[in-house]
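Visitor: Here is the input, now give the coordinates:
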Amino acid sequence: MKNVVVLFVFGAILPFSLGQSRPKVSIKKQFLPVYLGDTIVLTCSGGGSVKWYFDDAFPPEILVIQSGDSVVYKDDSVHLALYVDNDWQNWTCYVYKHQRLYHVIIKDYPETGPLEFMTSSVEKTSEPYIYWCKNKITNTRSSTVVLSVTDLMVKLVPHPDLPELRKDLELECVTHGAPKISSVTFYKGSDTILTQSEVKYTIKNMAKTDEGNYKCEATYMFQASTSNNKFTVKSVPQEVVGIEVTLEAAMSYTSGNPVCTCSKCRSGGKSEFYEIVNGHYKKVNSGYQYHLPQGKYACRVRWDTGASSFSLPLSVSGDPFNPGVIVGVLVFIFIVMGLILIVGYFCWNRRNKQKPEALYQEVALDAVKSDKGEGGYEELKGGKRGERSGEYDTLKGPDADKVTTADVSDTGEQGRYEALKVSQDDSKKNEYETLKGKEGKGAEGGYEALKTSKAEEGAGVYHTQAGEHGVGCEALTLSKTEGK
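Guide: Below you'll find the predicted structure:
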């Protein structure tokens with residue numbers, strides 16, 4: 001006769017009886033070696049009593065629930081994480097379910113830890129699902145994660161998953177779908193412990209007398225429901241068994257200097273620190289020498305073949321000066337200083353270079369007063385060509401030296417000009433014709449010719465013609481030297 005026994009290892013020696021004949025006990029090699037706190041599967045045949053011996057240390061590597069609970073709703077999955085320092089490719093993981101052993105297929109191995117994977121959807125079964133991992137080269141094994149399945153709306157979940165004597169154990173009453181809970185009652189066996197509105201109950205400094213079967217009962221109503229119907233559901237009982245720990249770690253912390261000790265552990269162990277989030281242990285990266293932000297932490301000491309228990313949880317208020325932040329601030333300051341120096345250099349270099357004077361400068365158009373009031377503008381006077389006097393030169397075309405007057409039409413169109421021509425009549429030798437508009441002499445916009453006075457014709461004096469309003473004439477005397 002063969003029996004399958006799911007064995008939870010909680011003491012140094014575990015006796016059990018299967019009959020009077022000599023039993024034969026076998027174990028899957030993937031479960032070996034066996035550590036304190038393991039859940040393993042034994043196959044037994046025959047009868048008699050059996051004693052199982054194992055080390056009092058915990059597994060050196062730890063497989064933990066990253067998200068989810070050890071009590072799982074039917075058809076749900078759980079996110080698991082294996083915290084190993086390196087060599088992830090050589091690790092393989094297993095699950096024992098439905099009395100059979102399966103490999104866990106991991107598609108993507110990380111470049112840095114942890115090694116994470118999702119479990120398959122669990123089915124309702126009377127036996128638990130047991131997960132663990134093992135190194136194919138060194139034969140090092142991780143701790144086990146045990147999942148039990150329920151199809152009820154209410155479940156009781158212990159935190160941590162592995163209770164230890166002389167440490168606090170938190171029991172949480174969880175309802176599926178997060179309805180609005182009005183009250184929760186906790187039971188030990190058939191005895192009522194307390195009824196409260198809170199969903200958590202803590203067993204302080206757990207002792208052997210606290211061991212037993214626990215369950216909870218929740219009264220709730222659905223938040224989206226339009227009715228006021230309330231439901232009351234009890235969870236499946238959970239067996240709570242405390243582990244007697246001999247290799248116990250202790251943690252202390254000052255700013256940037258966490259310390260983990262284990263007085264009974266072998267020498268040469270390595271300290272590891274974990275943050276406790278929602279009852280789950282998440283390994284802390286050793287960067288920045290374990291400067292810890294605000295939170296709750298625990299530590300353990302591990303060596304090649306085993307590890308101590310976790311220390312009692314320690315609340316950390318957070319470092320006032322996080323070195324990561326300080327390094328970032330210093331890098332930012334150096335970058336800003338470098339930019340300031342570069343900008344300053346270019347400004348100094350530009351300021352000390354000899355600037356060529358611009359050929360043209362912008363000058364304001366200054367308003368000047370005229371006889372008709374303000375609104376006139378001061379004439380811009382040009383200097384000699386090529387000089388940089390700050391004035392504007394007149395802009396000349398490419399044939400400026402060849403043309404003295406603008407090419408115009410005889411019609412005197414707007415925007416064009418006609419040259420002044422000497423009269424062909426000898427009697428009007430020194431008379432210049434004026435430009436005339438379209439309507440001839442005297443038309444608007446036309447000018448009358450300047451005529452030489454008969455009396456002073458020989459002297460070369462010209463008189464201007466009187467205007468409409470009797471404006472006087474001023475003689476224009478020709479230069480005698482020029483004779484024109």
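
Visitor: Any stretches of this protein with poor pLDDT?
Guide: Scanning the chain for pLDDT under 70 picks out the ranges 1-22, 46-55, 286-290, 318-330, 348, 351-484.

Visitor: Would you mind giving the domain segments of it?
Guide: The chain breaks down by automatic domain parsing into domains covering 2-53, 152-243, 250-316, 418-434+446-484.

Visitor: Tell me how far residue 230 lies from residue 185.
Guide: Using C-beta to C-beta, to the nearest Å, residue 230 is found at 14 Å from residue 185. The C-beta positions use only the backbone N, C-alpha and C, and glycine is treated the same way.

Visitor: Those two: who's more crowded?
Guide: residue 185 (18 against 14; other C-beta atoms under 10 Å).

Visitor: Now name the helix or strand holding that one.
Guide: strand 180-188 (DSSP states H and E).

Visitor: Can you list the strands that that strand pairs with?
Guide: strand 191-196 (antiparallel), strand 212-221 (antiparallel) (DSSP bridges).

Visitor: element containing residue 335, please.
Guide: helix 323-352.

Visitor: list the buried ones in stretch 259-270?
Guide: 260-262, 265, 269 (16 or more other C-beta atoms under 10 Å).

Visitor: With only the CA atoms kept, save it in CSV.
Guide: Below are the C-alpha coordinates for stretch 259-270, written out as CSV (Å, rounded to 0.1, in the frame of the first residue of the first chain):
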residue,chain,number,x,y,z
VAL,A,259,23.6,45.7,10.6
CYS,A,260,22.4,42.1,10.6
THR,A,261,23.8,39.6,13.2
CYS,A,262,23.2,36.0,14.1
SER,A,263,25.0,34.8,17.2
LYS,A,264,24.5,31.0,16.5
CYS,A,265,25.1,31.1,12.8
ARG,A,266,28.3,29.8,11.3
SER,A,267,31.0,32.3,10.4
GLY,A,268,31.4,33.7,6.9
GLY,A,269,27.7,34.5,6.4
LYS,A,270,26.4,37.3,4.2
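
Visitor: neighbouring contacts of that stretch?
Guide: Residues from elsewhere that reach stretch 259-270, judged by C-beta atoms under 8 Å, 6 or more residues apart in numbering: 246-253, 271-273, 299-303, 307-308, 311.

Visitor: Of those, which belong to helices?
Guide: Counting by DSSP state H, none of the members of the contacts of stretch 259-270 fall within helices.

Visitor: which of those are buried?
Guide: 247-249, 251, 253, 271-273, 299-302, 307-308, 311.

Visitor: taking those residues one by one, which sit in strands?
Guide: Using DSSP state E, the members of the buried ones among the contacts of stretch 259-270 that fall within strands are 251, 253, 271-273, 299-302.

Visitor: Among those residues, which pair sits farthest apart?
Guide: Longest distance between any two of these is 18.8 Å, between 253 and 302; criterion C-beta to C-beta.

Visitor: what's residue 132 in contact with, if anything?
Guide: 30-31, 63, 93-94, 141-145 are the contacts of residue 132 under C-beta under 8 Å, 6+ apart.

Visitor: which one of those residues sits closest to residue 81?
Guide: Nearest to residue 81 among the contacts of residue 132, with distances taken as C-beta to C-beta, is residue 63, at 7.4 Å.

Visitor: secondary structure element for that closest one?
Guide: Using DSSP H and E, residue 63 falls in strand 62-67.

Visitor: Quick check: buried residues in that strand?
Guide: Quick answer for strand 62-67 (16+ other C-beta under 10 Å): 62-66.

Visitor: Can you list the strands that that strand pairs with?
Guide: Applying DSSP bridges to the sheet, strand 62-67 is found paired with strand 79-83 (antiparallel).

Visitor: The strand it pairs with: which residues count as buried?
Guide: The neighbour-count check on strand 79-83 (16+ other C-beta under 10 Å) flags 80-83 as buried.

Visitor: do stretch 208-225 as well
Guide: Buried, per 16+ other C-beta under 10 Å, within stretch 208-225: 210-211, 214-220.

Visitor: Could you check how many residues crowd around the closest residue to residue 125 other than its chain neighbours?
Guide: Spatial nearest neighbour of residue 125, excluding adjacent residues (C-beta to C-beta, 6 or more residues apart in numbering): residue 149 at 6.0 Å. Counted with other C-beta under 10 Å, the neighbours of residue 149 add up to 21.

Visitor: What's opposite residue 24 in the beta bridge?
Guide: Beta-bridge partners, per DSSP bridges, of residue 24: residue 45.

Visitor: quick one on the thing from earlier: out of the buried ones among the contacts of stretch 259-270, which is nearest to residue 340?
Guide: residue 253 (39.9 Å).

Visitor: Now do the contacts for the nearest residue to that closest one once chain neighbours are set aside.
Guide: Sequence neighbours aside, residue 316 is the residue nearest to residue 253 in space, at 5.8 Å (criterion: C-beta to C-beta, 6+ apart). By C-beta under 8 Å, 6+ apart, residue 316 lies in contact with 253, 292-297.

Visitor: Return a PyMOL selection command for the buried portion of those.
Guide: Per 16+ other C-beta under 10 Å, the buried members of these correspond to this PyMOL selection:
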select buried, resi 253+292+295+297
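
Visitor: ok, and the most crowded of the contacts of residue 132?
Guide: Going by other C-beta under 10 Å, residue 145 tops these with 26 neighbours.

Visitor: if I look at that residue, how far off is residue 186?
Guide: In terms of C-beta to C-beta, residue 145 sits 25 Å off from residue 186.

Visitor: try residue 37
Guide: Look at residue 37 and residue 186: by C-beta to C-beta, they are 25 Å apart.

Visitor: Please say which of these two ends up with more neighbours.
Guide: residue 186 (23 against 19).

Visitor: Now for the closest residue to residue 33 other than its chain neighbours: which residues touch it?
Guide: Counting by C-beta to C-beta, 6+ apart, residue 33 lies nearest to residue 141, which is 6.5 Å off, once chain neighbours are set aside. By C-beta under 8 Å, 6+ apart, residue 141 lies in contact with 31-33, 35, 59, 61, 132-135.

Visitor: Please pick the buried ones from those.
Guide: Buried among those (16+ other C-beta under 10 Å): 31, 35, 59, 61, 132-135.

Visitor: wouldn't residue 180 be in contact with residue 221 here?
Guide: Yes: counting by C-beta atoms under 8 Å, residue 180 touches residue 221, with 5.5 Å between them.

Visitor: which neighbours do those two share?
Guide: Contacts common to residue 180 and residue 221, judged by C-beta under 8 Å, 6+ apart, are absent.

Visitor: Perfect, I'm done here.
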